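>>> Got a predicted model here, sequence first, then my questions.
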Amino acid sequence: MKRVLALIITLPLVVIGAEWQSLNGPPAGRADDMSMGLYEGQWVIYAADQTHKLYKSTNEGELWQVPTSQIEVDNPVCIITSKNNAQIVYLAKVPESPNAHCVWKSEDGGQTWNPRDDGIGNISPLCLAVDPLDVNANFVLLGSAKQSGSPVYYRTTNGGERWEPRTISTNYLDVYDIAVVPGSPRRVYLAGGGYDVDAGFYLSTDDGNTFQRTLIAETRAVAYDANNPLNVWVGEIAGDRIGVRRSTDGGLNWSVTYLLPEGNLINALAIPISDRIYAGTDAGVFISTDGGQTWTKINNGIYIPQVSDIIVKPDDPQHLFISGDACIYRSTDGGQSWYEKTAGFKLHFTVGVSTSLPGALYVLGDKTVHKSTDNGLTWITIDNGYTYGCRYAIAADATNSERAFHVGETAYDVNYVRRTTNGGQSWVNLFEGINATYTSIAVDPTNGQIVYLGFRDPPPSVFGLQKSTDGGDTWINITPGNDIVSISVDLWSYELVFAGNDGTARSPLIYKSTNGGLSWDTYNISGTGMVFDICSNSLSNKIYARLGDGVYKSRDGGVTWTNCGFLGQNIGALAMDYGEPEILYVASNELPAGRTFLTVDGGAVWIEIPNQLPDNAIDIALDVNHPTSIYAATSNGVYSLTPAYQFKSLTSSSSLATSANNGRKLLHI
């Protein structure tokens with residue numbers, strides 16, 4: 001029998017004009033610190049992402065932009081601007097080397113920057129503060145984490161031309177927050193922590209020149225009432241007590257601790273009007289309307305609850321912004337409802353994509369889950385990424401865009417399956433605590449209640465493949481082997497299920513069931529490595545599988561296999577077009593990065609898609625019911641490709657064959 005060789009050709013007729021397009025998301029809206037100021041009647045917000053860049057918004061968070069091309073100010077830890085002059089901005093960052101600068105100043109709204117750290121040692125900055133009435137921002141304070149032999153507090157009175165170190169007790173503390181009260185002299189309130197002997201609240205009544213400690217406690221946040229600056233609040237940690245204390249005499253004496261409902265770290269405090277206090281914690285936002293004595297959680301719309309900072313729009317106490325490790329949220333009703341505002345931030349590292357179009361596009365980030373209901377125009381974060389730290393796979397219900405599942409493990413090696421039935425508004429945990437690695441999940445394309453879950457390297461008491469017929473509430477063992485890494489359900493015959501093994505302890509295996517997993521046949525594949533993606537077409541009895549050394553094809557339902565492309569190459573993803581199953585897509589993991597290919601005749605010929613992705617695709621997917629476009633998950637967000645097929649079933653890798661076919665369906669190899 002003559003073997004058909006798998007060739008790679010480039011730029012044929014069938015894909016001219018088809019290019020990968022960025023969907024500009026999901027955005028990773030991390031902000032460790034924020035500051036707001038006025039310029040020409042417009043409120044400007046700056047956000048510092050210490051993992052990336054400085055961001056700026058001139059339309060109250062609707063769009064964020066990087067205002068400068070100077071890489072020297074990348075990775076800022078903290079940011080401050082003048083309340084009445086947002087053109088003057090200071091940022092502080094951890095210096096890359098002993099001779100690098102740690103404090104920078106801009107006088108043109110963040111476009112150009114000059115170092116302003118004369119007098120400051122090699123520090124680890126944590127916070128900046130400015131006199132809110134100092135239009136020229138000449139009086140600025142800097143707080144640092146403790147370092148051996150270095151001060152933790154610095155002051156400038158001449159706009160950063162020279163910084164003066166000042167002693168805070170014996171400097172065995174981290175200065176987390178500073179608040180400046182305008183006046184002559186100015187009062188300075190300082191919150192120190194780090195679980196060291198000098199932790200506590202410090203008060204200065206002489207422009208921050210000298211301090212006295214008036215509260216011994218682990219403190220991380222401080223704020224005062226602008227209408228009565230002697231009313232001061234600090235966030236306190238004392239053993240297992242997490243709460244606030246209040247002083248009505250400018251920090252000399254303190255109330256008892258007012259506990260928050262949940263024992264989570266208080267990272268930020270804000271007081272827009274007297275006796276109304278907002279606390280940003282690791283569990284979200286809390287509000288008190290009685291001076292801190294009682295608290296209510298206000299997390300409506302917040303999916304990533306770890307809050308790093310809170311700012312209030314100075315002319316509207318109902319208008320707030322909060323920031324954290326993945327999102328920035330805005331509220332215009334005093335915190336009763338929140339909306340994610342991260343457009344323009346860097347793109348998430350995405351590890352998986354699944355569709356239920358036209359309703360939803362689901363994307364799995366490395367620590368988060370995201371959703372778009374308008375094919376990528378806008379995005380929201382829909383799962384807490386910091387309880388569930390490592391994510392492996394995501395699957396959406398093709399019949400109900402409100403239902404989706406994802407699998408992974410926590411930082412404590414607890415593995416889990418999570419499910420939403422309301423589009424991500426809430427999630428429940430399935431299987432949490434089982435000591436196995438859940439590598440894959442598949443949902444029946446016609447019945448979202450039928451779910452398959454694969455395990456890898458489980459202990460003896462846990463099986464490698466589970467099935468649920470009630471949407472994940474209960475599960476039964478249907479394992480053909482204890483090393484499952486991939487699962488697939490055939491689109492045309494729903495009882496036809498395939499699973500692939502990890503190919504390490506033994507040769508690569510394909511398991512096939514024709515009765516929904518009740519019984520299995522086992523077939524060997526002559527390739528090497530794990531059996532990753534499996535695509536089946538029961539109409540023609542063909543199956544495709546991605547192994548560690550290329551793409552393989554079976555023409556007899558899995559009994560025998562041959563390589564049909566990329567032999568010896570590392571292929572990162574494989575997907576089938578459900579509108580025409582002879583069309584398949586692959587993403588290469590070989591250099592140069594970002595190369596993708598398609599075949600329109602079942603793997604006989606592979607065609608390179610003209611433009612490359614920004615990085616290798618980690619996952620690719622087509623929708624079962626709307627297979628017009630293909631979606632790719634990359635380290636730089638999600639991309640889509642819409643090939644210009646006129647009639648998919650009349651497409652060939654050869655333009656001559658297509659034109660000569662005279663309207664009849666091609667005989668695919």
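On my side now, so go ahead.

>>> Just give me the residue right at the centre of this structure.
Geometric centre of the chain, nearest residue: T368, 4.5 Å, by CA atoms, centre = their mean.

>>> how near is that residue to A326?
5 Å (CB to CB, to the nearest Å). C-beta coordinates here come from the backbone N, C-alpha and C atoms, glycine included.

>>> cool, and G517?
Distance of G517 to A326, given as CB to CB: 37 Å.

>>> And the two? Which one has more around it.
Using other CB atoms under 10 Å, the more surrounded residue of G517 and A326 is A326, with 26 against 23.

>>> which element is W233 on?
W233 belongs to strand 228-238 when assigned by DSSP states H and E.

>>> tell me which strands and helices that strand is in contact with?
The helices and strands touching strand 228-238, judged by 3 or more CB pairs under 8 Å, 6 or more residues apart in numbering; DSSP states H and E, are strand 187-193, strand 218-225, strand 241-247, strand 266-273.

>>> Could you tell me the average pLDDT over that strand, please?
For strand 228-238, mean pLDDT is 94.

>>> okay, now D74: neighbour count?
16.

>>> same check, this time on L567
The burial count for L567: 12, using other CB under 10 Å.

>>> what's the burial count for the nearest residue to it once chain neighbours are set aside?
Spatial nearest neighbour of L567, excluding adjacent residues (CB to CB, 6 or more residues apart in numbering): G550 at 4.6 Å. The tally of other residues near G550 (other CB under 10 Å) stands at 21.

>>> Just to check, G550 is in contact with L574?
No: at 10.2 Å, G550 and L574 do not qualify as touching, with contact defined as CB atoms under 8 Å.

>>> How are the strands of the stretch 351-500 of the chain distributed by residue range?
Under the criterion DSSP state E, counting those that start in this stretch, the stretch 351-500 of the chain contains strands at 360-365, 369-372, 380-383, 390-396, 404-409, 415-420, 428-430, 437-443, 451-456, 465-468, 476-477, 484-489, 497-501.

>>> now do the stretch 501-650 of the chain
Assigned by DSSP E, counting those that start in this stretch, the stretch 501-650 of the chain shows strands spanning 509-513, 521-524, 534-537, 542-547, 550-554, 562-563, 571-576, 584-588, 596-599, 605-608, 619-622, 630-634, 637-641.

>>> can you list contacts of the fourth one?
Outside strand 542-547, the residues within contact range by CB atoms under 8 Å, 6 or more residues apart in numbering are 498, 500, 503, 508, 510, 525, 527-537, 551-555, 557-558, 561, 564, 571, 573-574, 576, 581, 584, 586, 602-603.

>>> quick check: angle from it to strand 584-588?
Using axes from the mean of the first three to the mean of the last three CA atoms, to 10 degrees, one finds that strand 542-547 and strand 584-588 are set 10 degrees apart in direction.

>>> before we move on, what about the last one?
In this structure, strand 637-641 runs at an angle of 140 degrees to strand 584-588, with the same axes, to 10 degrees as the basis.

>>> Within its sheet, name the partner strands of strand 637-641 and how each one runs.
Here strand 637-641 has these sheet partners by DSSP bridges: strand 21-22 (antiparallel), strand 630-634 (antiparallel).

>>> Equivalent analysis for the second one, please.
The partner list of strand 521-524 in its sheet, established with DSSP bridges, is strand 509-513 (antiparallel).

>>> returning to what we had before: which of the strands paired with strand 637-641 sits closest to S274?
With respect to S274, and counting by CB to CB, the nearest of the strands paired with strand 637-641 is strand 21-22 at 47.2 Å.

>>> Now find how far off-centre that closest one is within its chain.
Counting by CA atoms, centre = their mean, to the nearest Å, strand 21-22 is centred 19 Å from the centre of its parent chain.

>>> which other residues reach that strand?
Applying CB under 8 Å, 6+ apart, the contact partners of strand 21-22 are L347, P614, N636, G637, V638, Y639, S640, L641, T642.

>>> which residues touch the third one?
Under the criterion of CB under 8 Å, 6+ apart, the contact partners of N636 comprise S22, L347, F349, P614, D615.

>>> Now for the fourth one, how many residues are close by?
Yep, that's P614 we're talking about. So P614, with other CB under 10 Å, has 16 neighbours.

>>> could you measure the closest residue to it other than its chain neighbours against K346, distance?
Nearest non-adjacent residue to P614, counting by CB to CB, 6+ apart: N636, 4.3 Å away. For N636, the distance to K346 (CB to CB) stands at 8 Å.

>>> mind pulling up the phi and psi values for R276?
Per-residue torsions, R276: phi -100, psi 120 (degrees, to the nearest 10).

>>> give me the beta-bridge partners of it?
On the basis of DSSP bridges, R276 is bridged to I273.

>>> now do G550
G550 has these beta-bridge partners by DSSP bridges: L547.

>>> for it, what are its contacts?
G550 makes contacts with G527, N563, G565, F566, L567, G568, Q569, I571, as judged by CB under 8 Å, 6+ apart.

>>> same check, this time on D533
Residues near D533 by CB under 8 Å, 6+ apart: S486, S488, A545, R546, A573, L574, A575.

>>> let's go with 7 Å and repeat that
By CB atoms under 7 Å, 6 or more residues apart in numbering, the residues touching D533 are S486, R546, A573, L574, A575.

>>> Equivalent analysis for I478, please.
Going by CB under 7 Å, 6+ apart, I478 touches L465, Q466, K467, G517, L518.

>>> now do T58
Q42, V44.

>>> And the helices in the protein?
Using DSSP state H, the helices of the chain run over residues 655-660.

>>> Outline the domain layout of it.
Annotated domains of the chain cover 28-165, 167-297 [automatic domain parsing].

>>> Distance to R403 added to the ones you listed, as JSON lines?
JSON lines is the format used below for these (distance: least, CB to CB, whole Å):
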{"stretch": "domain 28-165", "distance to R403": "26"}
{"stretch": "domain 167-297", "distance to R403": "25"}
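
>>> quick one, which of those is nearest to T342?
T342 sits nearest to domain 28-165 of all the domains of the chain, at 2.8 Å, using CB to CB.

>>> Quick one, grab the pLDDT at D457.
69.

>>> same deal with T10?
Value listed for T10 in the pLDDT field: 36.

>>> again with G663
Reported pLDDT for G663: 39.

>>> Next: E495.
pLDDT, E495: 94.

>>> same question, T469
We have a pLDDT of 96 for T469.

>>> What are the neighbouring residues in contact with it?
Residues in contact with T469 (CB under 7 Å, 6+ apart) are Q449, I450.

>>> and what of R220?
Residues in contact with R220 (CB under 7 Å, 6+ apart) are Y176, D177, A191, G193, G235, L265, I266, N267.

>>> go again using 6 Å as the cut-off
With contact taken as CB atoms under 6 Å, 6 or more residues apart in numbering, R220 is in contact with Y176, A191, G193, G235, I266, N267.

>>> Excluding covalently adjacent residues, which one is nearest to it?
R220 sits nearest to Y176 (CB to CB, 6+ apart), 4.6 Å away.

>>> Wait, that neighbour touches Y195, no?
No: using CB atoms under 6 Å, Y176 is not in contact with Y195, being 11.8 Å away.

>>> Between those two, which has more neighbouring residues?
Ranked by neighbour count (other CB under 10 Å), Y176 and Y195 place Y176 first, with 23 against 9.

>>> how close does that one sit to E236?
Using CB to CB, Y176 is found at 12 Å from E236.
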